[in-house]
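Asker: What follows is a predicted protein model with its sequence.
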Amino acid sequence: MILTVGTFDIPHMGHASFLRRLSELGDVVVGVLSDAFVAAAKGPPVYNEQERLAAVRGFGYQAVLIPGDPDRIQHPLELGGIDFLAVGLDWFGDKYLDRLGMTVDELQEGNVGLIFVPYTETISTMDIRKRLR
């Protein structure tokens, strides 16, 4: 199973494209970060966690809430059965794992591969926020 974790604060075609690419590699489960985490990382979410879960499920994917507070989220690998953690290429070289409270060593110990997937460069949540302003 492939796990990806994100805020999905303003679901858009870039998210749908990213998830479709992942589904070509295997079964996908989408971890949607809690409102508390989103608020601390990006400011108040546009959609609450239940709305974001429903949106991801509307794309046709299994979605689970990754609960937690701004300082600590549930460790995503605690979900079990994860073979790969998928990350958008826009996070390459960034501290994505740190933000999720994970390390490369933990991935290796759990025999979980890390894959980076190209993202849709023509749209992003930040672009949508700029349009709305």
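Answerer: It's in. Residues are numbered from 1 along each chain as shown.

Asker: got a pLDDT number for the closest residue to L77 other than its chain neighbours?
Answerer: Spatially, and ignoring its direct neighbours in sequence, L77 is nearest to G110 (5.4 Å; C-beta to C-beta, 6 or more residues apart in numbering). C-beta: built from backbone N, CA, C; applies to glycine. G110 carries a pLDDT value of 86.

Asker: Count the residues that sit near G110.
Answerer: Residues lying near G110 (other C-beta atoms under 10 Å) number 14.

Asker: and if you look at D105?
Answerer: 9.

Asker: try F84
Answerer: F84: 18 surrounding residues under other C-beta under 10 Å.

Asker: give the contact list for it.
Answerer: Residues near F84 by C-beta atoms under 8 Å, 6 or more residues apart in numbering: M1, I2, L3, L25, G26, V112, G113, L114, I115.

Asker: Which of the residues you listed sits closest to Y96?
Answerer: Nearest to Y96 among the contacts of F84: L114, at 9.2 Å, using C-beta to C-beta.

Asker: That closest one contacts L85, correct?
Answerer: Yes: using C-beta atoms under 8 Å, L114 makes contact with L85 at a distance of 5.4 Å.

Asker: neighbour-wise, which of those two wins?
Answerer: L85 (22 against 14).

Asker: Can you name the residues bridging to the more buried one?
Answerer: L85 forms beta bridges with L3, L114, as assigned by DSSP bridges.

Asker: Any buried residues in the helix or strand containing L97, and which?
Answerer: Using DSSP states H and E, the element containing L97 is helix 96-99. By 16 or more other C-beta atoms under 10 Å, the buried positions in helix 96-99 come out as Y96, L97.

Asker: again with stretch 51-59
Answerer: E51, R52, L53, A55, V56, F59.

Asker: Quick check: D35 touching E49?
Answerer: Yes: between D35 and E49 there is a contact at 4.9 Å, judged by C-beta under 8 Å.

Asker: Now L53: which helix or strand?
Answerer: helix 49-58.

Asker: Centre of the chain to that helix, how far?
Answerer: Distance of helix 49-58 from the chain centroid (C-alpha atoms, centre = their mean, to the nearest Å) equals 12 Å.
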